[in-house]
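[1] The sequence and its predicted three-dimensional model are supplied below.
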Amino acid sequence: MLTTLPNTLLAIALLLVVVSAIQPLARRLMLSSTVLLAVVGVLLGGGAALLLDTAKPTPLDEVANTLVQFPVNAEVFLFVFLPLLVFHGSLSIDVRRLARDWAPVLVMAVVAVLVTTAAIGFALAPIAGVSLTACLMLGAIVATTDPSAVVGIFREIGANSRLTRLVEGESLLNDAAAISIFTIFLAQLTGDHPAAPMEAALTFLTSFTGGMAVGFVLARAMLAVLPWMGGNRMAEVTLTLALPYVAYILCDEALEFSGVVAAAAAGLTVSAVGPSTFRPRSWQFLQDIWDQLSFWASSMVFILASMLVPKLLLGMQQHDLMLIGVVVLAAMAARAAVLFGVMPLLLLAKLSQRVPIPFKVTMLWGGLRGAITLALALAVTENRAVPREVQQFVAIVATGYVLSTLLVNGTTLRFLVRALKLDRLSPADQALRNQVVAIGLGEVRDKLRDTAADYGFSAPTTAHVVEIYDRRVKVETAANTFDTAISDRERVTLGLITFASQERSLLLELFQEQGLSRRMMESLLWNAESMIDGARTEGRLGYIQAARRRLQPGLRFHLAHRLHRQFRIDKPLMHCMAERFEMLLLTHLVSATMSRFMRRRMEPVLGSRVTDVVRDIIARREDLLQDAMDTLRLQYPGYAEALETRLLRQLGLRLEAEEYATLRQESLVGEELHEELMRGLEAIRRQVTRPLQFNIQSGLDKRIAEFPLFAGLQDALLHDLAMSVTSRFTVPGEDIYRRRQRSRSVYLISRGEVTLSREGQESLLSHGDIFGEVEVIQGQRRQGRARATSFCHLLELSAADFHRLLAEAPALERRIERVAEKRAASRPVEAVPGLGV
């Protein structure tokens with residue numbers, strides 16, 4: 001008897017009630033909710049089957065029939081639940097931190113799956129009574145791990161964040177690896193597509209890389225259309241819900257790539273770029289929605305899959321218990337071989353940081369299996385092309401192994417983590433915690449005393465509560481080992497990380513108020529995170545290097561620059577220059593607002609001496625930033641003033657909105673009036689945020705006329721010269737040209753300094769100088785090297801245009817010859833105005 005739709009919907013609703021009730025029960029029993037859901041699912045499935053097997057009808061027969069005949073199969077798990085769970089798993093991961101552990105994650109996600117598949121397959125083949133292909137297929141089915149129970153335990157007890165990240169990262173891709181290998185062996189077993197080993201390996205690689213490419217492209221396309229949603233959160237979240245299903249089904253059904261990898265790649269892309277694309281409140285709203293969707297999906301997956309366990313275990317015999325035991329030992333041995341045998345090789349090859357022994361032990365014991373393994377086993381039982389004995393073999397052994405990991409490993413993992421002390425802070429973090437708590441409690445105590453006076457609490461009550469805080473401050477102060485546990489170098493690193501993190505927070509606030517574009521936010525946010533990563537890995541040196549890289553133009557700028565120089569296509573460079581100008585100004589403004597934060601927050605925690613060191617490092621970064629800004633500000637003063645005006649108006653609108661919100665909270669204005677005021681602000685904001693027009697050729701005539709070499713030149717020639725030159729922007733240390741290169745151009749220094757090296761001698765040139773002209777006149781290759789020593793704005797004139805200029809102004813050629821004679825007689829380290837090499 002088939003179940004009806006109303007009965008199915010009622011069963012789903014009641015199962016959700018069971019899921020909700022299990023959460024507090026699991027916390028009270030100190031068990032993972034996932035493990036408890038699996039137990040409840042087995043009891044429900046077994047109890048329903050037992051009721052239907054009784055000869056006497058009961059009032060619960062219809063309920064039992066609904067549970068037994070529940071319309072769920074392998075495709076429901078793989079196409080409805082898996083894309084959603086994989087996408088959420090990748091969406092919740094810090095991509096930049098995960099990238100630092102890419103090698104161990106890939107080893108556990110791919111190598112461990114391959115080794116486990118082989119170990120289980122060859123261990124079972126002599127004793128299972130089925131073919132080696134069937135045994136290897138079973139190995140692939142049980143090779144995939146389910147992190148939900150493990151990660152849930154880690155988060156409940158506060159396990160090390162890197163350990164959690166490794167487990168989550170492994171789970172993102174090992175599903176794809178296991179499913180790909182399973183598909184290959186299933187095709188061989190059914191005779192659909194028997195493949196040679198090399199062909200199978202190529203299929204596996206193509207499936208992986210193709211899935212990654214498709215997921216990335218679709219995610220970027222989805223992010224690109226977000227501005228068209230007009231800030232509608234519902235529409236934005238709906239797009240993210242469609243994304244994993246489009247990526248998964250397109251790859252799995254049409255392109256024959258890995259749908260799991262595509263969904264994971266899409267989630268990682270959104271995780272990396274999303275904070276700079278979604279407004280902060282929309283991003284938080286999206287994460288909240290996805291957390292809820294994932295909770296429903298993961299809970300239903302476990303309870304529905306567990307309800308199938310009695311069905312999958314039908315026909316189990318004593319011999320099957322031995323096979324399950326072999327699988328347990330082989331899987332554990334294979335995982336241990338990868339963790340303790342392959343992982344150290346990554347450290348020797350400098351591909352990974354050291355993974356501590358306690359981490360490896362926890363990852364070994366925490367290799368739980370779950371719903372995906374049961375879904376793949378169910379897929380085998382539903383495939384009529386698979387021999388009956390293989391169906392029963394896979395169903396019983398895979399299900400038994402899943403139960404063993406959940407009931408044994410899952411219930412004891414919490415105690416193992418605590419025994420290995422992985423739930424405790426490191427000595428440095430503990431010392432920092434005591435320092436921060438002691439300072440924070442002191443501030444709370446002082447504020448509480450003032451608040452009690454404002455509200456008129458009695459003196460005895462106030463004194464009693466304040467005394468409680470006094471005692472807590474004394475306890476934390478007595479336990480504080482901050483001065484001895486954390487060295488000055490570590491404090492400086494901590495200060496730089498804190499500073500960059502606070503800058504990131506300020507940028508997000510500006511982005512929330514629509515103070516900068518999505519493209520600008522993506523660039524600034526990526527730069528801030530690069531400085532955080534640089535400080536974490538290499539301390540102050542890494543931070544300064546990341547800060548310098550931030551000031552260097554990117555690939556997009558260089559491509560636009562080449563279009564400008566070679567093809568006179570100015571528009572891309574104009575956009576890049578406008579963005580660079582805005583990026584430098586915003587970085588400067590955000591950094592300038594940090595002095596109060598350093599004084600009030602960082603100095604009490606880190607100490608004045610360490611804060612002064614951090615302040616000096618920040619000052620060095622500011623010097624580089626100011627130099628880059630001055631180069632642009634002096635060349636384009638009008639645009640700089642317009643950009644500063646726009647930013648200041650945006651800050652004014654933000655303050656105005658905050659003032660209206662305060663008036664609304666204090667009931668001084670009504671809701672309708674507040675909405676009217678906000679609509680007016682929004683209209684002004686749209687007007688203020690319109691893109692500014694940037695003219696890269698602005699003021700060139702005036703700048704060229706300031707060069708001493710061109711003094712007295714006819715206005716028509718100066719105009720032709722201004723129309724012929726192209727702009728070139730360089731960063732400190734950039735080579736403008738090298739020795740033996742062809743002499744294609746002459747350079748005029750509009751801003752900055754350039755060092756010329758020739759025959760072991762150096763000359764320093766600055767504003768108003770020209771260089772590279774001698775080789776062009778003489779038709780020689782470069783005789784030396786020209787290198788920028790600061791941020792420079794150069795005007796580049798092609799050799800052909802330079803010769804034409806000399807032909808039209810013979811006096812200019814004679815002037816250059818006289819300058820060359822003076823240069824030959826001058827000291828090599830001195831810069832003679834108006835000349836170069």
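    Looks like it arrived, so ask away.

[2] Give me the buried stretch members for the strand or helix carrying Gly274, please.
    For Gly274, the host element (DSSP states H and E) is helix 259-277. Buried positions in helix 259-277, judged by neighbour count with 16 or more other C-beta atoms under 10 Å: 259-277. All C-beta spots, glycine's among them, are computed from the backbone N, C-alpha and C.

[3] same deal with stretch 42-61?
    For stretch 42-61, a neighbour-count test (16+ other C-beta under 10 Å) marks Val42, Leu44, Gly45, Gly46, Gly47, Ala48, Ala49, Leu51, Leu52 as buried.

[4] For the fifth one, which residues are in contact?
    The one in question is Gly47. Residues in contact with Gly47 (C-beta atoms under 8 Å, 6 or more residues apart in numbering) are Ala64.

[5] What is the burial count for the closest residue to His793 other than its chain neighbours?
    Spatial nearest neighbour of His793, excluding adjacent residues (C-beta to C-beta, 6 or more residues apart in numbering): Arg751 at 4.1 Å. By other C-beta atoms under 10 Å, the residues close to Arg751 number 21.

[6] Same question for Leu85.
    Leu85 is flanked by 25 other residues according to other C-beta under 10 Å.

[7] which ones are touching it?
    Ser294, Ala297, Ser298, Val301.

[8] how about the first one, what does it touch?
    Spelled out, it's Ser294. Neighbouring residues of Ser294 by C-beta under 8 Å, 6+ apart: Leu84, Leu85, His88, Gly89.

[9] Can you lay out those as CSV showing secondary structure?
    Converted to CSV, these look like this (DSSP: H, G, I helix; E, B strand; the rest coil):
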residue, secondary structure
Leu84, helix
Leu85, helix
His88, helix
Gly89, helix
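
[10] quick check, nearest of the residues you listed to Phe457?
    Proximity of those to Phe457 (C-beta to C-beta) peaks at His88, which lies at 46.6 Å.

[11] host element of the nearest residue to that closest one once chain neighbours are set aside?
    In space, and not counting its chain neighbours, His88 is closest to Ser294: 4.0 Å by C-beta to C-beta, 6+ apart. For Ser294, the enclosing helix or strand under DSSP H and E is helix 280-307.

[12] Same question for Gln626.
    helix 608-635.

[13] what angle sits between the helix holding Ser294 and helix 259-277?
    Calculated by axes from the mean of the first three to the mean of the last three C-alpha atoms, to 10 degrees, helix 280-307 forms an angle of 160 degrees with helix 259-277.

[14] Can you name the element that comes right after helix 280-307?
    Downstream of helix 280-307, the next assigned helix or strand under DSSP H and E is helix 309-312.

[15] Now do the buried residues in the next helix or strand after that following helix.
    Downstream of helix 309-312, the first helix or strand assigned by DSSP H and E is helix 318-337. For helix 318-337, the neighbour count (16+ other C-beta under 10 Å) marks Asp320, Leu323, Ile324, Val326, Val327, Val328, Ala330, Ala331, Met332, Ala334, Arg335 as buried.

[16] my guess is the fourth one meets Ile127, correct?
    When you say that, I think you mean Val326. Yes: contact status for Val326 versus Ile127: in contact at 7.0 Å, counting by C-beta atoms under 8 Å.

[17] Give me the pLDDT for the residue nearest to His88.
    As predicted, Ser294 sits at a pLDDT of 88.

[18] what do you get for the one 5 residues further on?
    The predicted local confidence for Ser299 comes out at a pLDDT of 86.

[19] secondary structure element for the residue lying closest to it once chain neighbours are set aside?
    Excluding its sequence neighbours, the residue lying closest to Ser299 (C-beta to C-beta, 6+ apart) is Val19, at 4.2 Å. Assessed by DSSP H and E, Val19 sits inside helix 5-29.

[20] What residues sit buried inside that helix?
    Asn7, Thr8, Ala11, Leu15, Val19, Ile22, Ala26.

[21] pLDDT score for the fourth one?
    Per-residue confidence for Leu15 comes out at a pLDDT of 89.

[22] How many neighbouring residues does the closest residue to it other than its chain neighbours have?
    Once flanking residues are discounted, Leu15 sits nearest to Ile303: 5.8 Å by C-beta to C-beta, 6+ apart. Ile303 is flanked by 25 other residues according to other C-beta under 10 Å.

[23] what does the one 10 residues further on give?
    Burial of Leu313, expressed as a neighbour count using other C-beta under 10 Å, amounts to 18.

[24] Against Val327, how distant is it?
    Remark: distance between Leu313 and Val327 (C-beta to C-beta, to the nearest Å) = 15 Å.

[25] Then Glu666?
    67 Å.

[26] same check, this time on Leu764
    The gap separating Leu764 from Val327 is 74 Å, by C-beta to C-beta.

[27] and what of Leu507?
    Leu507 is 51 Å from Val327, where distance means C-beta to C-beta.

[28] And Leu805, by the same measure?
    Leu805 sits 83 Å away from Val327, going by C-beta to C-beta.

[29] and the residue nearest to Phe87 when sequence neighbours are not counted, what does it touch?
    Computed as C-beta to C-beta, 6+ apart, the closest residue to Phe87 that is not its neighbour in sequence is Pro244, at 3.6 Å. Neighbour list for Pro244: Pro83, Leu84, Val86, Phe87, Ala263, Ala266, Gly267 [criterion: C-beta under 8 Å, 6+ apart].

[30] Which positions within the helix or strand encompassing Pro244 qualify as buried?
    Here Pro244 sits within helix 233-249, counting by DSSP H and E. Neighbour-count burial for helix 233-249, counted by 16+ other C-beta under 10 Å, picks out Arg233, Glu236, Val237, Leu239, Thr240, Leu241, Leu243, Pro244, Tyr245, Val246, Ala247, Tyr248.
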